[in-house]
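Student: got a predicted structure here, sequence first:
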Amino acid sequence: MKSQIKQTSSKEYTATKNACKLCAPLGASLVFKGIAGAVPLLHGSQGCSTYIRRYLISHYKEPIDIACSNFAEDTAIFGGGANLKIALQNIHRQYFPSLVGIATTCLSETIGDDVPMFIREYASSHPDESTAPLVHVSTPSYQGTHMQGFHNAVLATVKTIAVTGKFSNIGHVNIFPGMVSPADLRYLKEILIDFNLPFMMLPDYSRTLDGSLWPEYQLIPEGGTTVEMIRCSAGAAGSLEFGRILSREKQSAGKWLNETHQVDCHHLGLPIGIRETDRFFQALEVLSGRPTPEKYQEERGRLIDSYVDSHKHVMSAKVAVYGEEDLVVAMAAFFSEIGILPVICASGDRSGYLKEELARVFPDDVDQSIRVMDNADFVDIESTVQDAKPDLIVGNSKGYAMSRRLGIPMVRIGFPIHDRVDASRRLHLGYRGTQQLFDRIANKLIEYRQLSSTVGYTYM
Amino acid sequence: MSNIPILKERESQIFRKGKKPFDMTCGKHSLAGSVSQRACVFCGSRVVLYPIADALHLIHGPIGCAAYTWDIRGALSSGPELHRLSFSTDLREKDVIFGGEKKLHHALIELIHQYAPKAAFVYSTCIVGIIGDDVESVCRAVGEKTGIPVLPVHSEGFKGTKKDGYKAACEAMFSLVGKGDIADISPKSINILGEFNIGGEAWMIKSYYQRMGIEIVSVMTGDGRVNDIRRSHGAALNVVQCSGSMTHLAEKMKEVYGIPYIRVSYFGLEDTSQALYDVAAHFTDDPEILESAKELVRGEIQAIYAELQQIKQKVRGKKAAIYVGGAFKAFSLIKALRYLGIKVVLAGSQTGMQEDYQTLKEMCDEDTIILDDANSLELSKYVLEKKADLFIGGVKERPIAYKLGVGFCDHNHERKIPLAGYQGMLNFAREVFRTVSSPVWQFTPKYLSSTNSHHKHPPGPPSRGEFKGKLFQMRLP
């Protein structure tokens, strides 16, 4: 086994060329966008918020306001306390928020700002009711990637807000879905509602980042998990937390609630593919005491039916997949069900667990090698892809240049998708999301064969 | 919309043309907590230097700044495409403690070896000065070792505004100027400054000048080359567009090399023609230049006139909001929109100066809103209040417009369509038409409320028989 899965990590230092990751404050901002009435506030330079807004807007195609404490030269010398307080005050005066999520940046972290102290000072000098709860998350961009920023913001929010309590007389559940699409979030909610399970999903940007037109300007777009519900997360009957890699980390919101408030946590992979989705539905059956609704059994049935109908189109296809580690692991699990070999599994993250988690998915009888690359950038990935010559590239839109240069077709998943119109509407999770992925991948392979044939087949 | 609050500290940066005397604050650091549309010093430098296609652009700092500026602009190159790659020293926690000089040195050597650039720009990000890296000395050492210019760009994000970033970029470029051979440069020659070749605009502008018999020594920085910049001091005149970003370089070249400069704009028929005539006027000893300019203008306008008039019939009477980076662009946009019969009801910029706003005020109609360093709430408030049909801005403004049911044209660096020069004006008019005349607006809350009936059946699609699909023939370069 070990010899089959190669890992090209712990390389000697080289510059990062076309990064396959983003910085931590982006992930944190996204989480705060998924809380009702929340305003994300980056404690650092103006550019941080503007660049992140631009990057998110190009994917979600929605207005995304992220405030900034906007350091100036003297701020960096005397500390950012005064600026942070002005920023908080102005956000309150203009947005009337129900929560302000403060994420630090490399600048404020490097000068050693004591943000928790600033927050205490602000709160004590603004004791009135209109002052929103303030959540602080430490997100220096020199630590981890956008995924750490994301998970840490979820954890910080729960830690700051959760007390105990219930918002429903039936025991509710917490669900921490990770960084998935608005369509995925909507589907998860549909499932939970169909199981008759009251839930607190954090974050939930399914409406805030994918909403309808506005009759009037909205200071903060509607939707998102309410602070009240997050407060009750400590009194939940259980938590569901997605991400095999996340489950290996020391800290997570699910773990903290378990350790501090004895809320059981079901650690699951991102539910992509039959097996991982089955596990998710089994957990829901346990938590709700109900069988899986027929609707989902039918979705599962149709998915397996399509697996069978189209298995030869995908069998033995070689794929290069990249993105966040948890997404890569989940996609690999799905590929293992349909005979696709992910010859390259790459990520810009480096939790250190990627290889082990992939080894669980691909047991010893795999007779071809899989190249596992963590801490990878797109120049590394491209040269590996060139060498391995996969049939398909699967990942976010930043791989397009590579796909074009190498003439290898690509299927876009995850974040960001900056060159297609439906990033928010792409579904990845559950039986329904897997169905979409399966169809898209099979069709792409068929299309490529059709295009490369001289015959011009009209039946495939 | 009265329900959108305006911060008191921002009031002096908002002006409504009317009876009140003009008094507008600008050039200020953005207010903390106000969601400014501005970026930072680094952004200013990056945006100016980005199109130099045969230089290495290495961003020294943690990963964010490099990741967010990877291949984000439509600045085209006719040859090398190094500018479309994103390089970062990707500093980590231990570098923040022990310093990042070693990594910087290592990264530069590695990248110069691998990509053989003609020069390297090293952008400092926020934390570089704070952790005490001596970027200058690393650059000097690597320059000596590799034999190419390695230029530090002092672009720490928080050390000023975007304008300071422009200046830092100009300083870096200026250190290249004067290093090349100028023996064979014609006395009838210019540098084109502040033109970034978005969608191939610089190529169009260049061809105009070449047809007038003028040699282009360098374009800074569209489709830019290090060697052209090195010999740019051989030109007789600097022709500066986007004056906010490049005037500093033009001033320095005037001071050191005695090269005069003029300010121009290539947006709209009027300004483009004026630019060509102004350049011709500089070369009075050759009357043929002015004659060819006149002929060129005539021919170019003739080629697009009929379609422009058709579009004008379709879009006249609409109202536009403009929010752009530099105020100079707003002047041209107002004129170009006016040409199409469109009235500007809001005009603003991220980095305008007092005299720019004075000019804006003079150009605008009564009751127009003028904004400096606006935030998204202010933009929304006035777009709604002024009932704009069209918003002209960049990526961050687009969703604001769309959410409110307002058409949008991208006039920023991310677009793929050239909007400069004569063909560019036609492209712009087509863009305006495609957005304001789209039938989709009939389904928006804005339209439904304006017709005072939420249940009214939307009207049928507008007839566009006379266009015969011509407007949809836009090709990507």
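Tutor: Received the coordinates, thanks.

Student: what residues sit buried inside the longest helix seen in chain A?
Tutor: Ranked by number of residues, the top helix in chain A under DSSP state H is helix A:430-452. Across helix A:430-452, burial judged by 16 or more other Cβ atoms under 10 Å in any protein chain shown covers A:430-438, A:441-442, A:444-445. C-beta here means a position set from N, CA and C on the backbone, and glycine is covered the same way.

Student: tell me which of those residues is nearest to chain B?
Tutor: A:Lys444 (22.6 Å; Cβ to the nearest Cβ).

Student: what sits against B:Leu76?
Tutor: By Cβ atoms under 8 Å, 6 or more residues apart in numbering or on different chains, the residues touching B:Leu76 are B:Asn197, B:Ile198, B:Gly199, B:Gly200, B:Trp203, B:Gly222, B:Asp223, B:Pro477.

Student: thinking again about what came up before, A:Ser403: which of the buried residues of helix A:430-452 is nearest?
Tutor: A:Lys444 (10.8 Å; Cβ to Cβ).

Student: before we move on, the earlier item: in the contacts of B:Leu76, find the pair that's most separated.
Tutor: The most widely separated members of the contacts of B:Leu76 are B:Gly222 and B:Pro477, with 12.9 Å between them, by Cβ to Cβ.

Student: out of those two, which sits in the more crowded spot?
Tutor: The neighbour count for B:Gly222 versus B:Pro477, taken as other Cβ atoms under 10 Å in any protein chain shown, is higher for B:Gly222 (28 against 10).

Student: burial count for the closest residue to that one other than its chain neighbours?
Tutor: Distance criterion Cβ to Cβ, 6 or more residues apart in numbering or on different chains; nearest residue to B:Gly222, sequence neighbours excluded, is B:Asn197 at 2.8 Å. Look at B:Asn197: counted by other Cβ under 10 Å, it has 27 neighbours.

Student: what sits against B:Asn197?
Tutor: B:Pro51, B:Ala75, B:Leu76, B:Ser77, B:Trp203, B:Val219, B:Gly222, B:Asp223.

Student: hmm, try it at 10 Å
Tutor: B:51, B:53, B:73-78, B:203-206, B:219, B:221-224, B:418, B:420 (Cβ atoms under 10 Å, 6 or more residues apart in numbering or on different chains).

Student: in helices, which of those appear?
Tutor: B:Trp203, B:Met204, B:Ile205, B:Lys206.

Student: confidence score at the first one?
Tutor: Predicted confidence (pLDDT) at B:Trp203: the value is 98.

Student: my guess is it meets B:Val219, correct?
Tutor: Yes. If you go by Cβ atoms under 10 Å, B:Trp203 and B:Val219 touch, sitting 9.1 Å apart.

Student: and the longest helix along chain B, what does it pack onto?
Tutor: Using DSSP H, we find that the single longest helix of chain B is helix B:287-315. If you count contacts as 3 or more Cβ pairs under 10 Å, 6 or more residues apart in numbering or on different chains; DSSP states H and E, helix B:287-315 packs onto helix B:201-211, helix B:269-282, helix B:327-339, helix B:421-436.

Student: output those helices in CSV, with mean neighbour count and distance to B:Ser189 appended to each entry.
Tutor: Shown next, in CSV, are the helices and strands packed on helix B:287-315 (neighbours: other Cβ atoms under 10 Å in any protein chain shown; distance: least, Cβ to Cβ, whole Å):
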stretch, mean neighbour count, distance to B:Ser189
helix B:201-211, 21, 9
helix B:269-282, 20, 11
helix B:327-339, 23, 24
helix B:421-436, 22, 20
